[in-house]
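Novice: from the sequence below, what's the structure:
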Amino acid sequence: MKNPVLRSSLLFVIFFIVSGISMAFGKTYILCSPFSGTAISKDGNPVSGVEIERKWVWAWNGKSGLDRTITDKHGKFNFPVVTSSSLTASLLPHEPDISQKITAKTSEGDLEIWYASKKTYELNSEMNGQPIKVLCRLDKKPSSEGLYWGTCIEDN
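Specialist: Residues are numbered from 1 along each chain as shown. The predicted structure is shown next:
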């Protein structure tokens, strides 16, 4: 094609068609399941007004995200489900790996209350199919004694 304007326009149209097809046919994946927690002190009392931050990284394409919330007067906090789509991930076999880190911003500094690596795209796979509902101590040093690395235990 000798006309550079026509050639550029055609390439532009092809790019948007391919982008639209990949978005239309890309599978949607659950990167982080909904997360419900209660921040508690050493004596089990709820801790209100604490900023809680969730960071995640999808190893497949390096996509990452961050969201924040504040504990309510009962120490409760929630994060919604995180989804993303990818045409290439739906076409190529791979093992999912989504790292999730939840941090409480306390008066003593940042406290990592939850760290997990999600290895499937299934809803609630972090807890073997059960919804994530946890109690997270804000006075304890993170360890592997709980569900995952951090200070959280299952809230029945």
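
Novice: do you have the helices of this protein handy? List them.
Specialist: 4-25, 87-91 (DSSP state H).

Novice: look up how far L92 lies from V134.
Specialist: 33 Å (Cβ to Cβ, to the nearest Å). To be clear about C-beta, it is placed using only N, CA and C from the backbone, and glycine gets the same treatment.

Novice: and if you look at L138?
Specialist: Separation of L138 from L92 (Cβ to Cβ) stands at 41 Å.

Novice: which one of the two has more residues nearby?
Specialist: Higher neighbour count among L138 and L92: L138, with 19 against 9, using other Cβ atoms under 10 Å.

Novice: and S117, how many neighbours does it have?
Specialist: Neighbours around S117, by other Cβ under 10 Å: 15.

Novice: got a list of what it touches?
Specialist: D97, I98, S99, Q100 (Cβ atoms under 8 Å, 6 or more residues apart in numbering).

Novice: what is the least confident helix or strand in the chain?
Specialist: Of all the helices and strands that make up the chain, helix 4-25 has the lowest average by mean pLDDT, DSSP states H and E, namely a mean of 55.

Novice: run through this protein and note the low-pLDDT ranges.
Specialist: Residues of the chain meeting the criterion pLDDT under 70: 1-2, 4-25.

Novice: for S90, which non-adjacent residue is closest in space?
Specialist: Spatial nearest neighbour of S90, chain neighbours left out: K27 (3.7 Å); criterion: Cβ to Cβ, 6 or more residues apart in numbering.

Novice: how near is that neighbour to I52?
Specialist: To I52, K27 is 30 Å away according to Cβ to Cβ.

Novice: list the buried ones in stretch 133-142?
Specialist: By neighbour count on 16 or more other Cβ atoms under 10 Å, the buried set for stretch 133-142 is K133, V134, L135, C136, R137, L138, K140, P142.

Novice: one step back: the more surrounded of K27 and I52?
Specialist: Shown here are K27 and I52; by other Cβ under 10 Å, I52 has more neighbours (23 against 12).

Novice: quick one on the thing from earlier: what distance do you get for the residue nearest to S90 to S33?
Specialist: For K27, the distance to S33 equals 17 Å [Cβ to Cβ].

Novice: any idea what the residue nearest to S90 is bridged to?
Specialist: S86 (DSSP bridges).

Novice: ok, it - contacts?
Specialist: K27 neighbours (Cβ under 8 Å, 6+ apart): S85, S86, L87, A89, S90.
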